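Peer 1: Here is my input, please return the structure:
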Amino acid sequence: PVWNIENSFEEIASYNCQKATTNYKGRIWTAWFCPDIPVGEGPWKLRGLPGLILKAEDSKGHFRFTCAGFKQLVQKRIIEKDQTHDYQIISRGDLDMQYKKFFSDPNDFLNNAIDLKGGSVKLSGPVLKREYNPIELDK
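Peer 2: Sure thing, here's the model as predicted:
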(Lines give C-alpha, C1' and ligand atoms only; values in the text may rest on other atoms or scores of the structure.)
Protein backbone atom coordinates (compact mmCIF):
# COMPACT_ATOMS: atom_id res chain seq x y z
CA PRO A 1 0.00 0.00 0.00
CA VAL A 2 0.99 3.62 -0.59
CA TRP A 3 0.37 5.40 2.71
CA ASN A 4 -0.38 9.02 3.60
CA ILE A 5 0.95 9.60 7.12
CA GLU A 6 -1.10 12.17 9.02
CA ASN A 7 -0.41 14.33 12.04
CA SER A 8 -3.05 12.64 14.21
CA PHE A 9 -2.37 10.42 17.22
CA GLU A 10 -4.27 7.86 19.31
CA GLU A 11 -3.36 5.52 22.17
CA ILE A 12 -3.94 1.83 21.41
CA ALA A 13 -2.99 -0.99 23.79
CA SER A 14 -1.02 1.53 25.89
CA TYR A 15 1.08 2.61 22.88
CA ASN A 16 1.08 6.01 21.18
CA CYS A 17 0.11 5.50 17.56
CA GLN A 18 0.03 7.71 14.49
CA LYS A 19 -2.64 7.73 11.80
CA ALA A 20 -2.10 6.77 8.16
CA THR A 21 -4.53 6.26 5.27
CA THR A 22 -4.41 4.43 1.95
CA ASN A 23 -6.59 3.22 -0.89
CA TYR A 24 -5.65 -0.44 -1.22
CA LYS A 25 -7.33 -3.36 -3.00
CA GLY A 26 -10.46 -1.27 -3.62
CA ARG A 27 -11.00 -0.09 -0.04
CA ILE A 28 -9.99 3.08 1.79
CA TRP A 29 -8.11 2.08 4.95
CA THR A 30 -7.23 4.02 8.07
CA ALA A 31 -4.41 2.53 10.12
CA TRP A 32 -2.79 3.47 13.41
CA PHE A 33 0.87 2.48 13.67
CA CYS A 34 3.33 2.62 16.56
CA PRO A 35 6.72 4.18 15.67
CA ASP A 36 8.11 2.84 18.98
CA ILE A 37 7.74 -0.71 17.57
CA PRO A 38 9.85 -0.43 14.39
CA VAL A 39 8.27 -3.36 12.54
CA GLY A 40 6.63 -2.39 9.25
CA GLU A 41 3.94 -5.06 9.45
CA GLY A 42 0.26 -5.24 10.32
CA PRO A 43 -2.86 -7.30 9.93
CA TRP A 44 -3.86 -8.99 6.68
CA LYS A 45 -1.78 -7.41 3.84
CA LEU A 46 -1.46 -3.99 5.46
CA ARG A 47 2.19 -3.10 5.94
CA GLY A 48 4.91 -0.68 4.96
CA LEU A 49 4.58 1.94 7.69
CA PRO A 50 7.46 2.97 9.98
CA GLY A 51 5.97 1.02 12.89
CA LEU A 52 3.70 -1.89 13.74
CA ILE A 53 0.04 -1.35 12.79
CA LEU A 54 -2.05 -1.81 15.94
CA LYS A 55 -5.40 -0.82 14.48
CA ALA A 56 -6.84 -0.71 10.95
CA GLU A 57 -10.31 -0.38 9.48
CA ASP A 58 -11.91 0.25 6.11
CA SER A 59 -13.97 3.39 5.51
CA LYS A 60 -17.27 1.49 5.46
CA GLY A 61 -16.64 -0.32 8.74
CA HIS A 62 -16.85 -3.74 7.11
CA PHE A 63 -13.38 -4.81 8.28
CA ARG A 64 -11.65 -3.82 11.52
CA PHE A 65 -8.47 -5.10 13.14
CA THR A 66 -7.47 -3.95 16.64
CA CYS A 67 -4.57 -5.09 18.79
CA ALA A 68 -5.88 -6.39 22.11
CA GLY A 69 -2.43 -6.80 23.67
CA PHE A 70 0.90 -8.55 23.46
CA LYS A 71 2.05 -11.86 24.85
CA GLN A 72 5.54 -13.36 25.00
CA LEU A 73 5.64 -16.73 23.26
CA VAL A 74 7.07 -19.59 25.29
CA GLN A 75 8.30 -21.40 22.20
CA LYS A 76 8.26 -20.81 18.46
CA ARG A 77 5.37 -22.23 16.47
CA ILE A 78 6.16 -23.34 12.95
CA ILE A 79 3.31 -23.03 10.46
CA GLU A 80 3.33 -25.82 7.92
CA LYS A 81 1.03 -26.85 5.07
CA ASP A 82 -1.20 -29.78 5.98
CA GLN A 83 0.28 -32.68 3.99
CA THR A 84 -2.62 -35.07 4.73
CA HIS A 85 -5.00 -33.49 2.21
CA ASP A 86 -4.93 -33.07 -1.55
CA TYR A 87 -5.24 -29.46 -2.64
CA GLN A 88 -6.56 -28.22 -5.95
CA ILE A 89 -5.14 -25.05 -7.51
CA ILE A 90 -7.90 -22.78 -8.84
CA SER A 91 -8.06 -19.28 -10.29
CA ARG A 92 -9.07 -16.23 -8.26
CA GLY A 93 -12.30 -16.01 -10.32
CA ASP A 94 -13.20 -19.62 -9.48
CA LEU A 95 -12.45 -19.00 -5.80
CA ASP A 96 -14.71 -15.94 -5.78
CA MET A 97 -17.46 -18.00 -7.43
CA GLN A 98 -17.19 -20.68 -4.71
CA TYR A 99 -17.36 -18.03 -1.98
CA LYS A 100 -20.48 -16.51 -3.58
CA LYS A 101 -22.15 -19.95 -3.72
CA PHE A 102 -21.29 -20.60 -0.08
CA PHE A 103 -22.57 -17.26 1.19
CA SER A 104 -25.81 -17.40 -0.83
CA ASP A 105 -26.79 -20.88 0.49
CA PRO A 106 -24.35 -22.48 2.95
CA ASN A 107 -26.51 -25.59 3.49
CA ASP A 108 -26.69 -26.40 -0.22
CA PHE A 109 -23.00 -25.67 -0.70
CA LEU A 110 -21.97 -27.98 2.15
CA ASN A 111 -24.43 -30.71 1.16
CA ASN A 112 -22.92 -30.75 -2.35
CA ALA A 113 -19.39 -30.78 -0.92
CA ILE A 114 -20.28 -33.75 1.29
CA ASP A 115 -21.86 -35.56 -1.69
CA LEU A 116 -18.62 -35.13 -3.69
CA LYS A 117 -16.75 -37.04 -0.99
CA GLY A 118 -19.30 -39.85 -0.94
CA GLY A 119 -21.02 -38.77 2.25
CA SER A 120 -24.70 -39.02 2.96
CA VAL A 121 -25.16 -36.29 5.54
CA LYS A 122 -27.79 -33.68 4.70
CA LEU A 123 -27.84 -30.38 6.53
CA SER A 124 -31.21 -28.93 7.38
CA GLY A 125 -32.55 -26.02 9.33
CA PRO A 126 -32.60 -22.33 8.60
CA VAL A 127 -30.32 -21.17 5.83
CA LEU A 128 -27.97 -18.54 7.20
CA LYS A 129 -27.43 -16.52 4.05
CA ARG A 130 -24.90 -13.70 4.14
CA GLU A 131 -23.81 -11.14 1.61
CA TYR A 132 -20.52 -11.97 -0.04
CA ASN A 133 -18.24 -9.10 0.90
CA PRO A 134 -14.61 -9.91 0.01
CA ILE A 135 -11.86 -7.91 1.69
CA GLU A 136 -10.20 -7.36 -1.72
CA LEU A 137 -12.46 -5.51 -4.15
CA ASP A 138 -9.72 -4.99 -6.77
CA LYS A 139 -8.24 -8.17 -8.16
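
Peer 1: give the contact list for the residue nearest the centre of the chain.
Peer 2: For the chain, the residue nearest the mean C-alpha position is Trp44 (5.0 Å; CA atoms, centre = their mean). Residues in contact with Trp44 (CB atoms under 8 Å, 6 or more residues apart in numbering) are 56, 63, 65, 135. C-beta: built from backbone N, CA, C; applies to glycine.

Peer 1: can you do 10 Å?
Peer 2: The contact partners of Trp44, by CB atoms under 10 Å, 6 or more residues apart in numbering, come to 24-25, 29, 53, 56, 63, 65, 135-136.

Peer 1: Buried ones among these?
Peer 2: Neighbour-count burial (16 or more other CB atoms under 10 Å) is assigned, among these, to 24-25, 29, 53, 56, 65.

Peer 1: Now the element after the helix or strand harbouring Ala31, going C-ward?
Peer 2: Element membership of Ala31 [criterion: DSSP states H and E] is strand 27-34. Downstream of strand 27-34, the first helix or strand assigned by DSSP H and E is strand 52-58.

Peer 1: orientation of that next one relative to strand 27-34 in degrees?
Peer 2: 150 degrees (axes from the mean of the first three to the mean of the last three CA atoms, to 10 degrees).
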